[in-house]
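> make a model of this:
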Amino acid sequence: MLDDDDGAATPHAKSLRTMGTTPITLEEVRALEGKEEQEESILALLGIICTFLNLFVIIFVYIYTTL
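Presented below is the predicted three-dimensional model:
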């Protein structure tokens, strides 16, 4: 297997990449991406919940002030 950076053959099947000065494996990148996707899903859900709560507050205030 050839490394894209310098063309040297790697001794193992797992490709070792460097980002900055820290070497990381593809498995670590996939794990980080999975964690980020989970965080984004949680934030999206919280955003939807807060939107509905704000809608209920607006409706409650409107009903309270019109009575």
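> for the chain, name the helix or strand with the lowest mean pLDDT.
Across the helices and strands of the chain, the lowest-confidence element by mean pLDDT, DSSP states H and E is strand 16-19, at a mean of 59.
> how about residue 24, secondary structure?
What DSSP: H, G, I helix; E, B strand; the rest coil gives for residue 24 is strand.
> centroid-nearest residue for this protein?
The centroid of the chain falls nearest to residue 36 when counting by C-alpha atoms, centre = their mean (2.2 Å).
> please, which helix or strand holds that one?
Secondary structure assignment for residue 36, by DSSP states H and E: helix 26-66.
> could you give the separation of stretch 53-67 from the chain centroid?
35 Å (C-alpha atoms, centre = their mean, to the nearest Å).
> let's see that stretch as CSV, backbone CA atoms only.
Output of stretch 53-67 as CSV, limited to C-alpha atoms (Å, rounded to 0.1, in the frame of the first residue of the first chain):
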residue,chain,number,x,y,z
LEU,A,53,-41.4,25.5,24.0
ASN,A,54,-41.1,29.1,22.7
LEU,A,55,-44.2,28.6,20.7
PHE,A,56,-46.1,27.5,23.7
VAL,A,57,-44.9,30.5,25.7
ILE,A,58,-46.0,32.8,23.0
ILE,A,59,-49.4,31.2,22.8
PHE,A,60,-49.7,31.3,26.6
VAL,A,61,-48.8,34.9,26.8
TYR,A,62,-51.2,35.8,24.0
ILE,A,63,-54.1,34.0,25.7
TYR,A,64,-53.2,35.5,29.1
THR,A,65,-53.0,39.0,27.8
THR,A,66,-56.2,38.8,25.8
LEU,A,67,-58.3,37.7,28.8
